[in-house]
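> Build the 3D model from these lines:
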Amino acid sequence: MQRDGRAPSLVAGVVRDGGLAWSAGRGDVAEPHTDVQYRLGSISKTVTAVAVMRLRDEGRLGLDDPLEEHVPGTPLGDRTVGQLLSHLAGATSESPGGWWERVPGGSLEELRLTGDDVVLGAARRFHYSNLGFGLLGELVARHRGVPWTDVVRDEVLAPLGMTRTDPRPTGRAAQGSAVHPWADVVLPEPEHDAGVMAAAGQLWATLADLGRFGSFLLGDTGDVLSPATLEEMAVPAGVDSSAPGWSAYGLGLQVLRVDGQVLVGHGGSMPGFLAGVFVDRSEQAGAVLLANTTSGLDPLLPGLLADLRAAEPRVVEAW
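Take a look at the predicted model:
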């Protein structure tokens with residue numbers, strides 16, 4: 001897959017029994033390949049969602065609360081926290097101004113949101129919104145009184161032992177790469193601080209840390225979140241889950257049915273990077289992927305889990 005997808009480097013692994021059970025690095029990646037940081041992209045949204053659900057479990061907010069109660073003054077004030085978490089708030093896909101993934105970001109006030117940033121009525125249909133998660137990051141920061149980066153570090157990442165997950169690259173980190181689709185040309189992609197939009201996609205992590213997050217999604221939540229709340233996050237919204245194949249979104253989590261199996265997790269992409277973490281809770285196994293390329297690796301994680309089921313199916317306890 002690394003060769004066919006023309007990825008400068010790729011690291012991937014299988015998650016079982018609390019962490020990485022198997023991993024490999026291909027291409028231009030130094031060893032140990034499990035300790036090289038890559039951008040997580042939108043997997044950051046799930047981390048943000050965990051921080052929001054912690055506030056809910058503490059009684060500091062409700063999923064049916066309008067955003068106005070927590071972040072006043074936005075054109076999405078009548079949309080609820082739960083709608084923002086599940087991309088049902090009708091917010092525009094991107095923030096106004098320069099493309100947030102490629103330019104330095106600022107504060108919520110500097111975005112100057114208007115009615116044009118509301119594109120659908122509330123709960124009409126799924127509409128993926130990076131802006132919505134930027135607003136959720138602002139909600140978290142205002143409730144805790146510290147930046148979003150500090151909240152997720154102290155409340156989610158550090159308790160899970162994800163000490164090599166950061167908002168900016170630190171130590172050994174891969175260079176983001178734009179691979180030309182028709183020529184042997186690879187160009188470097190810059191990185192920056194996205195400001196208020198960081199909560200939508202700025203985190204960097206190693207494969208070992210992403211494997212730990214996969215274990216979290218399989219139920220090893222520690223003191224970060226109750227198993228019941230994690231289960232609530234994985235309930236698909238607005239989709240007939242009895243259909244043979246579907247793709248849905250819960251509360252900060254993607255929920256997919258692929259070849260009869262339900263997978264829970266999130267994919268991620270930022271300029272020069274692709275990432276993914278998906279788990280099959282019926283098999284108590286997951287797969288993780290990090291690469292410094294822009295496209296070409298979509299089917300890898302479901303395929304890896306399918307190979308695992310075929311070669312090493314879970315041995316269930318006797319009835």
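> the strands in the stretch 51-200 of the chain, which residues?
For the stretch 51-200 of the chain, the strands defined by DSSP state E, counting those that start in this stretch occupy 177-179, 186-188.
> contacts for the next helix or strand after the last one?
Spelled out, it's strand 186-188. The helix or strand immediately downstream of strand 186-188 is strand 204-205, counting by DSSP states H and E. For strand 204-205, the surrounding residues in contact (C-beta atoms under 8 Å, 6 or more residues apart in numbering) are 37-40, 43, 162, 164-170, 173, 213, 290. In this view, the C-beta of every residue, glycine as well, is placed from N, C-alpha and C.
> Looking at these, state which has the most neighbours.
Leu290 (33 neighbours; other C-beta atoms under 10 Å).
> Contacts only, for that one.
10-12, 38, 40, 174, 205-207, 210, 273-275.
> measure the nearest residue to it once chain neighbours are set aside to Gly201 for me?
Computed as C-beta to C-beta, 6 or more residues apart in numbering, the closest residue to Leu290 that is not its neighbour in sequence is Tyr38, at 3.8 Å. Per C-beta to C-beta, to the nearest Å, Tyr38 is found 13 Å from Gly201.
> What residues sit buried inside stretch 259-274?
261-274 (16 or more other C-beta atoms under 10 Å).
> So for stretch 84-93, first residue to last residue, what's the gap.
Stretch 84-93 has an end-to-end distance of 12 Å (C-alpha to C-alpha, to the nearest Å).
> ditto for stretch 98-113
End-to-end span of stretch 98-113 (C-alpha to C-alpha): 13 Å.
> Contacts for that stretch next, please.
Contacts for stretch 98-113 (C-beta under 8 Å, 6+ apart): 71, 74-76, 94-97, 130-131, 134-135, 138, 190, 192-198, 200-201, 270-271.
> average pLDDT across that stretch?
In this model, stretch 98-113 carries a mean pLDDT of 90.
> Endpoints of stretch 237-254, how far apart?
Note: stretch 237-254 ends 10 Å apart using C-alpha to C-alpha.
> Out of the contacts of Leu290, list just those in strands.
Within these, residues falling in strands by DSSP state E are 10-12, 38, 205, 273-275.
> Just flag the most distant two among those residues.
Distances among the ones in strands among the contacts of Leu290 were taken as C-beta to C-beta; the most separated pair is Leu10 and Ala205, at 14.9 Å.
> So, low pLDDT: which residues of this protein?
1-5, 296-299 (pLDDT under 70).
> residue contacts, the residue nearest the centre of it?
Nearest to the geometric centre of the chain sits Ile43, at 1.3 Å (C-alpha atoms, centre = their mean). When the contact criterion is C-beta under 8 Å, 6+ apart, the partners of Ile43 are 203, 205, 210, 213, 265-268, 275-277.
> Name the nearest of these relative to Thr48.
The closest of the contacts of Ile43 to Thr48 turns out to be Leu203 (C-beta to C-beta; 9.3 Å).
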